[in-house]
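In: Fold the following and give me the result.
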Amino acid sequence: MLGDIATLVLQGTMISAVYALIAIGFTMIFGVGGTLNLAHGALIMSGAYVFGVLAQGAHPAVAFPITILVVALLSWGLYQILVRWVEENVVITFLATVIVAVAATEVILIRFGSSPLGMTLVSGAVNLEPYGINARPRIVQFVGFVISWVAIGLLWYYITKTDDGRSILAASMSERGAQLTGVDLHSVRSKTWLIAGALAGAAGIILGSTGGATPLMWLNPLALAFMIVVIGGIGSIKGSVVAAYVIGFLEQFTVTFVGHGFRGILSLVVLVVFLLFMPQGLYGREFAHD
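Out: Prediction:
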């Protein structure tokens with residue numbers, strides 16, 4: 001029993017860190033511009049495939065930062081070329097980002113086929129059974145945990161301690177108020193998409209390194225992002241981190257004590273409860289745009 005609990009804590013902690021990376025960029029974009037970026041999952045998938053291709057000819061330590069930069073620029077380009085022109089219309093933005101995600105999937109299928117693309121950021125595994133933990137986690141899972149919290153820490157510092165970051169926070173609270181203080185909303189949204197892309201790229205690398213890259217790998221992360229944002233509170237970075245750990249531990253609890261086939265059941269129950277009784281989420285806030 002103690003071994004199962006230790007396994008639950010370890011695995012839940014590691015997977016929750018990746019879930020936080022998945023959700024933070026999604027909630028930032030919605031919090032600042034009110035945009036449901038359904039291409040967020042496709043950006044995560046792009047991170048996995050870009051890293052997989054680069055890692056075939058370069059050391060993973062070199063491929064990693066290049067992938068982050070590429071996916072960040074893809075996200076920024078998506079905003080500049082498409083989203084900024086339609087973002088005032090929620091329905092059109094919704095459909096446009098869905099089309100981008102589907103188109104990206106088709107491109108991947110044509111170029112790489114449906115078979116998983118294997119890759120690894122760090123190879124090897126750790127046998128924890130001698131310590132009473134019934135698990136042999138891969139080293140890349142520990143690395144993913146570290147990457148996640150380094151990214152969260154850097155983002156927290158940027159948002160709270162720099163003028164650029166505080167302008168993003170101001171825009172997420174009140175667009176009119178931000179404009180009255182001289183904030184350039186277009187610049188803020190551009191930076192937000194750039195940051196969200198970088199986080200998506202990191203999440204894609206970790207997911208691809210643990211399970212391989214597939215053309216439909218973006219569907220589950222996108223669903224997770226929705227769930228985490230609803231539970232944590234739309235636009236709240238802190239809420240996304242807390243909700244990611246709630247979801248991660250619920251899933252791991254179900255896997256450990258019920259069975260892998262029921263992995264998402266408890267998370268869905270919690271989601272329904274929040275939608276019915278606490279739709280603002282744990283740290284939600286009302287946004288003033290006019």
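
In: Please spell out which residues along stretch 259-276 are buried.
Out: Under the neighbour-count criterion of 16 or more other Cβ atoms under 10 Å, stretch 259-276 has 264, 266-267, 270-271, 274 buried. The C-beta positions use only the backbone N, C-alpha and C, and glycine is treated the same way.

In: Can I get that stretch in CSV, CA atoms only?
Out: Written as CSV, here are the backbone C-alpha positions of stretch 259-276 (Å, rounded to 0.1, in the frame of the first residue of the first chain):
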residue,chain,number,x,y,z
GLY,A,259,-7.2,0.8,-13.7
HIS,A,260,-5.7,2.5,-16.7
GLY,A,261,-8.9,2.3,-18.7
PHE,A,262,-10.7,4.6,-16.2
ARG,A,263,-7.8,7.2,-16.2
GLY,A,264,-9.9,10.3,-17.0
ILE,A,265,-13.1,9.5,-15.1
LEU,A,266,-12.4,11.4,-11.9
SER,A,267,-11.1,14.4,-13.8
LEU,A,268,-14.3,14.6,-15.8
VAL,A,269,-16.4,14.4,-12.6
VAL,A,270,-14.4,17.3,-11.1
LEU,A,271,-14.8,19.3,-14.3
VAL,A,272,-18.6,18.8,-14.2
VAL,A,273,-18.8,19.8,-10.6
PHE,A,274,-16.8,23.0,-11.3
LEU,A,275,-19.0,23.8,-14.3
LEU,A,276,-22.2,23.5,-12.2
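
In: Give me the distance between that stretch and the centre of its chain.
Out: 19 Å (Cα atoms, centre = their mean, to the nearest Å).

In: still on that earlier bit, format the buried residues of stretch 259-276 as a markdown table; extra columns: secondary structure.
Out: Below are these laid out as a markdown table (DSSP: H, G, I helix; E, B strand; the rest coil):
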| residue | secondary structure |
| --- | --- |
| Gly264 | coil |
| Leu266 | helix |
| Ser267 | helix |
| Val270 | helix |
| Leu271 | helix |
| Phe274 | helix |
